[in-house]
Structures are given as structure tokens and as C-alpha cells.
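>>> below are the sequence and a predicted model; questions follow.
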Amino acid sequence: MMRLHLISTGSIHPLDEIKTFQSLQPYTDQLHLREPNLSAAELLDLIEALLGHGYSPDQLTVHDRVDVAHVAGIGVQLTRRSLRVRDVRRHFPDLVIGKSVHSLAEALAAEAEGADRLLYGHIYPTASKPDVPPRGIDALKQVVTFTTKPVIAIGGITPECMPEIAATGATGIAVLSGILGQSDPLAAIRRYQGVRV
């Protein structure tokens, strides 16, 4: 069964949304905290609040902040603007490291440097990147085929897309606006849960 990665919006104060995150926890395999406007201390407060509301450390990933991930004992997601995977791996050998990639070459490089999982996209057209063409399902299949690490697809993914993504061998999907951008996030995540393959 594909894993569901939920990505926070970065546009709200997550501490105000603890009840929402708590209601989504049973349906969420991985919650990504992508909150560049929060300080390190605020991120740690948020993580501790989530741990107190049903999340386990292995369900949580913080974007970019290696320091916070290390202190909190959770995973980190690195992007083009983050520290290099190989440098993080050298200094934090036990840290779970995800890497956001946008091509097969980037995926292979991240794997070689020691990334534990790859977040690849965007797969379908998405409002968050209107001027960037989607990579598409064939490119996703290529990344899955030529790498050995788990590949999570991101970008414009609706519940109806999930069987097509599963057929590529991707291990999961990552969703932001399709769940947290909806008026009823709980109903939205249940729609994804209902077609998990």
C-alpha cells in the first residue's frame, strides 16, 4: 500500500492547527513540516506538541532544518537550498534524510550521497508551479526504475491519480493543497485513504 505524506502549508501557524493535525494523524504515514517562517524554537515547540497529540517521531519530518531534526529525533527533508546530503550524512549518520529531486540525475546523485528516500515531482500540473511543466508519469517511472531508494511522488496528485502512480512502483504520494487546502481536510484525506493501492 502506498504511503501518504502530508505536507504543511507554510502559510498558517501550525500550533493553531494542532487539532486538525491530530484528526489527520490516523491517516498520515508521514507529516512534513515545511514551515520556513517559523524559528527553530517554534518548530521544536510544534514537534513536541505533535508528539503529545498522537504522532510518533518516525511519522514526522522537518524541511531543511537539520539542527531541529537532530534535536527532536525526527527526519529531515533537504531541498536545492539545503545542506548537501553527503554533508548531513557525514555529520549525522543516523538521521533519516529525504531529498527533493526534479530529475533522474538529481535522484541518482542524492542516492549516491546517502539519501534514505526521494521526493520527486511535480508529476501533474499544479497551481503552486504554474510556469513549470510537470515531469509526468513516465519520468516518475524512470526514477523508480533506476534508483533503489523509496520514491514519493508529489505535485497535483488527486485520489483519482493514485492507481496510475502506484503502477510506477512509487512507494507513496505527498499532498499539500489536496488535503490542507480543502475546507474539510479530514474528509479530503479520507478520500485519498479510500483509494490507497
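Good, I have the coordinates. Everything numeric here is computed off the predicted structure, so don't read it as measured data.

>>> show me which positions of stretch 130-150 end up buried.
For stretch 130-150, the neighbour count (16 or more other C-beta atoms under 10 Å) marks 134-135, 137, 139-144, 147, 149-150 as buried. C-beta: built from backbone N, CA, C; applies to glycine.

>>> let me redo that: stretch 166-179
Quick answer for stretch 166-179 (16+ other C-beta under 10 Å): 166, 168, 170-176, 178-179.

>>> tell me the first helix or strand C-terminal of the top helix by length along the chain.
Longest helix of the chain, by residue count under DSSP state H: helix 40-51. Per DSSP states H and E, the first helix or strand lying C-terminal to helix 40-51 is strand 60-63.

>>> thinking again about what came up before, from the contact counts, what lies against the longest helix of the chain?
Applying 3 or more C-beta pairs under 8 Å, 6 or more residues apart in numbering; DSSP states H and E, we find helix 40-51 packed against helix 18-24, strand 30-33, strand 60-63, helix 66-72.

>>> which residues touch the last one?
Outside of helix 66-72, the residues that reach it under the criterion C-beta atoms under 8 Å, 6 or more residues apart in numbering are 40, 43-44, 47-48, 57, 60-62, 75-76, 78, 82-83, 88, 92, 95.

>>> could the buried residues of stretch 130-150 go into JSON lines alongside distance to Q193?
Shown next, in JSON lines, are the buried residues of stretch 130-150 (distance: C-beta to C-beta, whole Å):
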{"residue": "P134", "distance to Q193": "24"}
{"residue": "R135", "distance to Q193": "25"}
{"residue": "I137", "distance to Q193": "22"}
{"residue": "A139", "distance to Q193": "26"}
{"residue": "L140", "distance to Q193": "21"}
{"residue": "K141", "distance to Q193": "24"}
{"residue": "Q142", "distance to Q193": "28"}
{"residue": "V143", "distance to Q193": "25"}
{"residue": "V144", "distance to Q193": "22"}
{"residue": "T147", "distance to Q193": "27"}
{"residue": "K149", "distance to Q193": "25"}
{"residue": "P150", "distance to Q193": "19"}
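
>>> if we take the residues you listed, which one ends up nearest to L33?
Comparing the buried residues of stretch 130-150 against L33 with C-beta to C-beta places P150 closest, at 19.3 Å.

>>> can you pull the contacts of the closest one?
116-118, 171-172 are the contacts of P150 under C-beta under 8 Å, 6+ apart.

>>> try L6
24, 28, 30-32, 174-176, 179-180, 189.

>>> one more: Q25?
For Q25, the contacting residues are 31, 53-55, 59, by C-beta under 8 Å, 6+ apart.

>>> out of these, who has the most neighbours?
Scoring those on neighbours with other C-beta atoms under 10 Å, the highest-scoring entry is L31 at 22 neighbours.

>>> distance check, that residue against G156.
Distance, L31 to G156, using C-beta to C-beta, to the nearest Å: 20 Å.

>>> any weak-confidence spans in the protein?
12, 14, 196-197 (pLDDT under 70).
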